[in-house]
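Predicted coordinates and the sequence they were generated for:
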Amino acid sequence: MENVLHYFFEYKETIFIIALSIFLGIEVISHVPAVLHTPLMSGANAISGVIIIGGIILVGHANLTTFSVELVLGLLALIFGTLNVVGGFAVTDRMLEMFKKKKK
C-alpha cells in the first residue's frame, strides 16, 4: 500500500492531467450532434493505432520474467486499442453499407 501511495504522490500531476482529460473528453463527446458522431468516431478510432503501437513498445520493454505494471498496462493498451480499431472499422463499414444501392 505504501508503494501505491508513493506512486500517486510521485506522479500526481500526470494522474491529474489524465483525470481532467477523461472528464473533458466525456464533455466534448456528449455535445457532438448524432449526425456527426459516427464519422467523427470512426476517424478517431484510427488514432487508436497509435495506442496499439505504444502498447507494443511498452510490452517490448517490460520485464517478462516478473509481473510488472508495464506489462499489464501494455497488454491492456493492446487489447482495448485493438477492440477500438476493429469496432471503428465495423461501424464505418456498416455506415457506408447504408449508402450503397440495393440490388434487384
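Thanks, I have it.

How about the strand or helix carrying Thr82, which residues are buried there?
Here Thr82, judged by DSSP states H and E, is contained in helix 69-97. Neighbour counts using 16 or more other CB atoms under 10 Å place Leu71, Gly74, Ala77, Leu78, Gly81, Asn84, Val85, Gly88, Val91, Thr92 of helix 69-97 among the buried residues. For glycine as for every other residue, the C-beta is placed from the backbone atoms N, C-alpha and C.

can you list those in TSV and add pLDDT and distance to Ile18?
Listed next are the buried residues of helix 69-97 as TSV, based on pLDDT from 0 to 100; distance: CB to CB, whole Å:
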residue	pLDDT	distance to Ile18
Leu71	88	20
Gly74	88	17
Ala77	90	13
Leu78	93	19
Gly81	90	16
Asn84	86	17
Val85	85	21
Gly88	79	22
Val91	77	26
Thr92	76	28
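
just the strands in this structure please.
For the chain, strands defined by DSSP state E do not occur.

Any stretches of it with poor pLDDT?
In the predicted model, the chain carries pLDDT under 70 at residues 34-35, 37-39, 41-43, 46, 104.

Can you give the domain ranges for it?
Split into domains by automatic domain parsing, the chain comes to 1-31, 36-104.

out of those domains, deepest packed?
Comparing these by mean neighbour count (mean count of other CB atoms under 10 Å), domain 36-104 comes out on top with a mean of 13.

for the chain, what spans make up the helices?
For the chain, applying DSSP state H gives helices covering 2-10, 12-30, 34-46, 48-61, 69-97.
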